[in-house]
Every structure is written in C-alpha cells, then in structure tokens.
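In: Next come a sequence and a model predicted from it.
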Amino acid sequence: MTAVVFIHGTGVREPGFSALAGRFAAGVSALRGGLRVVPYYWGGAHGAALAAGGASLPPATGTGRGPLAPGPGPGPGDDDTADWAVLYADPYAELALAAAGSAPAEELPPGSVPPDLRVRARLADLLAEGDGPAAELGPGLARAVADLAAHPLLAPAAASLAPDDLAEVAARCLTAQVVAGLLDTDAPLVPVGVTRDAVVGRLAAVLGASARGAERGVRSLALRVASSAASRAVVRRRRALTEAAHPAAGDVLRYLSRGEAVRAGLRALIAGLEPPVAIVAHSLGGIIALDTLVLTPLPQVRLLVTAGSQAPFLYESGSLPSLEHPAPLPAHVPDWLNLYDPRDLLSYLGAGLFPGRVTDIAVDSRQPFPAAHSAYWTNSEVYRHIGERLP
C-alpha cells in the first residue's frame, strides 16, 4: 500500500488544516484506491506565533485630522498617506474623478479660451525644463509631463475644476507618476513626504496655482472618501490583521532560521511508514520536503510532488538551506514532480535547474493571484497528475 505524506504550506493552522488534509485525501483517493494518506501538520508545533502576545505591535492610533477622520491623530498630514497610496497606484485617479463630474461638452462662445488651454501651455513650458523641477524625486518628470499633456482626461477635468485646483491636481498627478516609477523599479531610495509635497507645491505654482505655502496635501474629497475610510479601518484592525497574516511570513522566516525541528519531525514520520512512500507538499511544505530529502537519504520515498513551491527559487538565489547553487541534486533524491500555476506568483520551475531530475507541469486554476496559490487542491488536474505518477 502506497503511503502519501501530505505537507501543508505557510499560515495553515487548525481547524483549517484538517479540512485541507481531508480535501486532499478525498481528491487523491478518488483516482487511486488503496492509498494511505498521512498528514504532516507542522504548523501547530513549529509554526510562527506571537510568543509575547503581540508586544511588538505599535499601539493603535487615529489616522489623521482630516474632515473624515474624527478624533486626534498622529499628525496633520497623515490622511494624505492613504490618498497618495491611491495616486501611486493610479496617478490619474483625481483627474478621472474630476472628469466624471464635468458637464457635457458644449460649444464655446467665439473668442473664449478652452479651460485646458492655459494648463497645456504651462505644461509645454514645464516640458522644456526636463526633469529639473523635480530633480530631488529622481528621473521621470519630463515623460510624465508629456503623458499628461496628451491625456484625454485633461480637458474634461479642466472643465470641472477651478484653475487653482486644476494646477494642484495636475501637480499631484505628475509627482505621483515620478514616485510610482521609482516604486515600479524597486529603487533603493524613495523621497519622504515632505520632499514630495515641496515638489507638488513647486509644480503647482509653475502650472498656475496661487501661492499657499510649500505643503499641498491631497484635497480631493472623493479621493479621500475612497482611501481614508479604508486606511482608518486598517489601522484600527492592525492587531487582528497582523495576527491573521503573520503566520505566513513568520513561518517562512522561522523555518529558514530554525528549520531542523520541522525536518526532524518529517523524518520521524517517514521512518514509521512502509514503502513505497510519496510526499506531496504545498508552498513552504515543498521546501521542507526537499531540504529533508537532500540532507537525509530516505529510500522509502519514491516520489516528491511539490505544488506552488518556492524551493527552485530559493536554490537559484542561494537561500535553500540544504543545497547551494550550482551544486547538483543528490542522487538519492527521488523523482520530483513540480506542479505550478502560471498565475501563481509564488510557484517556480525546477527543470532548468536540475535537468533530467524534475518534471515541471503547469496547472491552470483560472484564478488570479493570490487565489491561484491556494487553488491547487480543488483542481482536478492536480490530482490527475499526482495519480498518474504515484508508486
């Protein structure tokens, strides 16, 4: 009778593990009778936990002193943090909101100037200066100016905003584009908010806004409604969110620093099983399984199956505890079937790293990430591929 050891991934705790192991057992047994499914639940004994009850968490505070954030907060600019997060994700968010509120286009009286003409002329002057007016942010201003000048949202937004407001919205749009470019390239240096706000003030003045000091916060009420309510909820629920999310990251860090106990538990479990044995492991479970097999010959194990595993990436990046690139996979490691979902950003390929030793097979859950990372065990294709290769 083949024994199938099922190893879970990061963040899994009871009662979720029992439900997961039961689903796996039902799925694999439906395709292959006579199997003995043996769950390895390492999360309870070896998973990460807040040992001091969350003493490392900062105390809860308010989220600002804006019109939608009642009560005291950390500082007058804190509301802008959530608003800027929206703008970094979509620098044209304010322009889109303004354009949506504009009146239907009408024919202008003879001799009148289109509302966007003045700001377009100033954008042309700004473009001639290159990246200089925002040099402290980094490169990208000239490209952002050119994009804004040609953007279809500029005209309808100009029709619904006062000239000062249009200048400030345009300045924030340009600044957000430059900073978002830094974030997209993982730049090692990102300017602080004070520097960012000074650039916004300078650009707004160039674009025609009247002077009102160096600091220009995000004043769009609609944008604030979209962002600050969510920000306040996150801060109020920081402890709950941390306690819910920390096992996933904490499990990885704990394993990489103190993983021998987890591997010893797996070795002891396998030692009590009659061959042939197959190991099926998800996510971090695949790293645990591979490390154990590399470090200790376990002849009972005839097949390793990983799903959504980061083991190949850790090996290539020099982070796998048991094996450092370019050392080959030891001969005693069994056949390795590596299942990955192209949409799962936490799944990696092993065949190119270990030619002839790993078989990579794509399985498509038709789920976006991160749902794709947890959809392996409801995918019939996963069980079919496992069933075809079980010893």
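Out: Yes, it's here.
In: A157 reaches Y92, doesn't it?
Out: No: using Cβ atoms under 8 Å as the test, A157 is too far from Y92 to be in contact (9.0 Å). For every residue, glycine as well, the C-beta is placed using N, CA and C.
In: ok, those two, which is more surrounded?
Out: Just comparing A157 and Y92: by other Cβ atoms under 10 Å the higher neighbour count belongs to A157, 28 against 21.
In: Please give me every residue in contact with the more buried one.
Out: E94, L95, A96, A98, A99, S102, D116, L166, V169 (Cβ atoms under 8 Å, 6 or more residues apart in numbering).
In: before we move on, what about L320?
Out: I287, L290, D291, A311, L314.
In: Ok, T378 next?
Out: Here T378 is in contact with R23, S365 (Cβ under 8 Å, 6+ apart).
In: Can you tell me the SS state at the nearest residue to V280 once chain neighbours are set aside?
Out: Counting by Cβ to Cβ, 6 or more residues apart in numbering, V280 lies nearest to V305, which is 4.4 Å off, once chain neighbours are set aside. Three-state assignment for V305 (DSSP: H, G, I helix; E, B strand; the rest coil): strand.
In: how close does V305 sit to P370?
Out: 21 Å (Cβ to Cβ, to the nearest Å).
In: And these two? Which one has more around it.
Out: Neighbour tally, V305 and P370, criterion other Cβ under 10 Å: the higher count belongs to V305, 28 against 13.
In: just checking, that one touches I279?
Out: Yes: V305 lies in contact with I279 (Cβ under 8 Å); the separation is 6.8 Å.
In: Where do the strands of the stretch 151-300 of the chain begin and end?
Out: Taking DSSP state E, counting those that start in this stretch, the strands of the stretch 151-300 of the chain run over residues 277-282.
In: Tell me where the model's unsure across it.
Out: Within the stretch 151-300 of the chain, the ranges that satisfy pLDDT under 70 run 186-187, 212-248.
In: again, only this time at 50
Out: For the stretch 151-300 of the chain, applying pLDDT under 50 flags the ranges 214-216, 221-222, 224-238, 240-246.
In: Likewise for the stretch 1-150 of the chain?
Out: 61-78, 105.
In: Can I get stretch 258-275 in PDB? Just the C-alpha atoms.
Out: Extracted C-alpha coordinates of stretch 258-275, given in PDB (Å, rounded to 0.1, in the frame of the first residue of the first chain):
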ATOM      1  CA  ARG A 258      15.200  27.200  12.800                       C
ATOM      2  CA  GLY A 259      14.100  24.600  10.400                       C
ATOM      3  CA  GLU A 260      15.800  21.400  11.800                       C
ATOM      4  CA  ALA A 261      12.900  20.600  14.200                       C
ATOM      5  CA  VAL A 262      10.400  20.600  11.300                       C
ATOM      6  CA  ARG A 263      12.700  18.300   9.200                       C
ATOM      7  CA  ALA A 264      13.300  16.000  12.200                       C
ATOM      8  CA  GLY A 265       9.500  15.600  12.600                       C
ATOM      9  CA  LEU A 266       9.100  14.700   8.900                       C
ATOM     10  CA  ARG A 267      12.000  12.200   9.100                       C
ATOM     11  CA  ALA A 268      10.500  10.500  12.200                       C
ATOM     12  CA  LEU A 269       7.100  10.300  10.400                       C
ATOM     13  CA  ILE A 270       8.500   8.700   7.300                       C
ATOM     14  CA  ALA A 271      10.600   6.300   9.300                       C
ATOM     15  CA  GLY A 272       7.400   4.700  10.600                       C
ATOM     16  CA  LEU A 273       5.900   4.100   7.200                       C
ATOM     17  CA  GLU A 274       6.200   1.100   5.000                       C
ATOM     18  CA  PRO A 275       7.500   1.800   1.400                       C
END
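In: Would you mind listing the buried residues in that stretch?
Out: Residues G259, V262, R263, G265, L266, L269, I270, L273 are the ones in stretch 258-275 that count as buried (16 or more other Cβ atoms under 10 Å).
In: residues making contact with that stretch?
Out: Under Cβ under 8 Å, 6+ apart, the answer for stretch 258-275 is 1, 3, 5, 7, 36, 38, 40, 42, 45-46, 255, 277, 279, 288-289, 291-292, 295-296, 298-302, 321.
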